[in-house]
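> compute the structure for the input listed below.
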Amino acid sequence: MNEEVEEFFYRIKFPFTIGYGMTECGPLISYAPWNEFVLGSSGKILDIMEARIYKENSETEIGEIQVRGENVMVGYYKNQEATDEVFTEDGWLRTGDLGTIDACGNIFIRGRLKSMILSSNGQNIFPEELEAKLNNLPFILESLVIERNKKLVALVYADYEALDSLGLNNPDNLKTIMDENLKNLNNSVATYEKISQIQLYPTEFEKTPKRSIKRYLYNSIAVN
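Predicted coordinates for the structure are as follows:
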């Protein structure tokens, strides 16, 4: 859930909880009832599950979430190659998600392994976190953070309907609004996460059936 939305619900004492899972795990990995939910987490690892954080670099606490348990699939139907790719040699399922696990077994997700960007100074950048902040800024419906020439660029699909209704849908106003959004975003993130520019995108981003943006379609897009 968007961090600001989550904090708002928590502040007004609205009961809610967040779970985490995937089809391959039938489908839950973690969950906590609303009165035990830890803010920012995705719930506690289920009793029938085991989870670990696999780190290629021992200097960081963030790594891939890997799981095993009685509700984890045996493999993909008639696709041994895909099955071999998703399981480790010692039998753990690679989720492809990056995160941490606290001492109480709560999972905290940071982003997807495939979409993580490594900065020039070795810092891990999680585009999803930046996009969540962008999507909360005025007149931004969707965003996608990509790397170009070792700089971060945000592709933005603006709320053109709202801009039209207020008579703001013209190049000068759009530039002023997005410049202000860029300034506000960069004031709220670490130095290595700062966005160099916002580039407007003319249409909604293409999605998967689960409504996730097909990132691979935009990795090579030209940036002005």
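> so which helix or strand takes in the closest residue in space to Glu204 that isn't next to it in sequence?
The shortest distance from Glu204 to any non-neighbouring residue, by Cβ to Cβ, 6 or more residues apart in numbering, is to Tyr157 (5.6 Å). C-beta: built from backbone N, CA, C; applies to glycine. According to DSSP states H and E, Tyr157 maps onto strand 151-158.
> what mean pLDDT does whichever helix or strand comes after that strand get?
Using DSSP H and E, the helix or strand that follows strand 151-158 towards the C-terminus is helix 160-165. For helix 160-165, the mean per-residue pLDDT is 96.
> Ile53 contacts Thr100, doesn't it?
Yes. Ile53 lies in contact with Thr100 (Cβ atoms under 8 Å); the separation is 6.2 Å.
> what sits in contact with each of those two?
By Cβ atoms under 8 Å, 6 or more residues apart in numbering, Ile53 and Thr100 have these common neighbours: Glu61, Ile62, Gly63.
> the last one and Leu113: what is the separation?
Taking Cβ to Cβ, to the nearest Å as the measure, Gly63 falls 9 Å from Leu113.
> so which residue is dead centre in this protein?
With distances taken as Cα atoms, centre = their mean, Glu128 lies nearest the centre of the chain, 3.2 Å away.
> am I right that it is in a helix?
Yes. The assignment for Glu128 by DSSP: H, G, I helix; E, B strand; the rest coil puts it in a helix.
> spit out the contact partners of it.
Counting by Cβ under 8 Å, 6+ apart, Glu128 touches Arg110, Gly111, Arg112, Ser115.
> now the farthest one out in this structure, which residue is it?
Using Cα atoms, centre = their mean, the residue of the chain lying farthest from its centre is Gly167. It sits 32.9 Å away.
> check Ile198 and give its pLDDT.
Ile198 is assigned 97 on the pLDDT scale.
> could you do Gly40 as well?
We have a pLDDT of 93 for Gly40.
> the spatially closest residue to it that is not a sequence neighbour: how many residues sit nearby?
Leaving aside its chain neighbours, Gly40 sits nearest to Phe108 (6.1 Å; criterion: Cβ to Cβ, 6+ apart). Counted with other Cβ atoms under 10 Å, the neighbours of Phe108 add up to 16.
> tell me if Phe108 really is in a strand.
Yes. Counting by three-state DSSP, Phe108 is located in a strand.
> with Thr17 as the reference, measure out to it.
Taken as Cβ to Cβ, the span from Phe108 to Thr17 is 15 Å.
> Ala103: what secondary structure?
Strictly by three-state DSSP, Ala103 counts as coil.
> what about it, neighbour count?
Residues near Ala103, counting by other Cβ under 10 Å, number 5.
> and if you look at Ile125?
Ile125 has 19 neighbouring residues, counting by other Cβ under 10 Å.
> measure it to Lys194 for me?
On the measure of Cβ to Cβ, Ile125 and Lys194 end up 10 Å apart.
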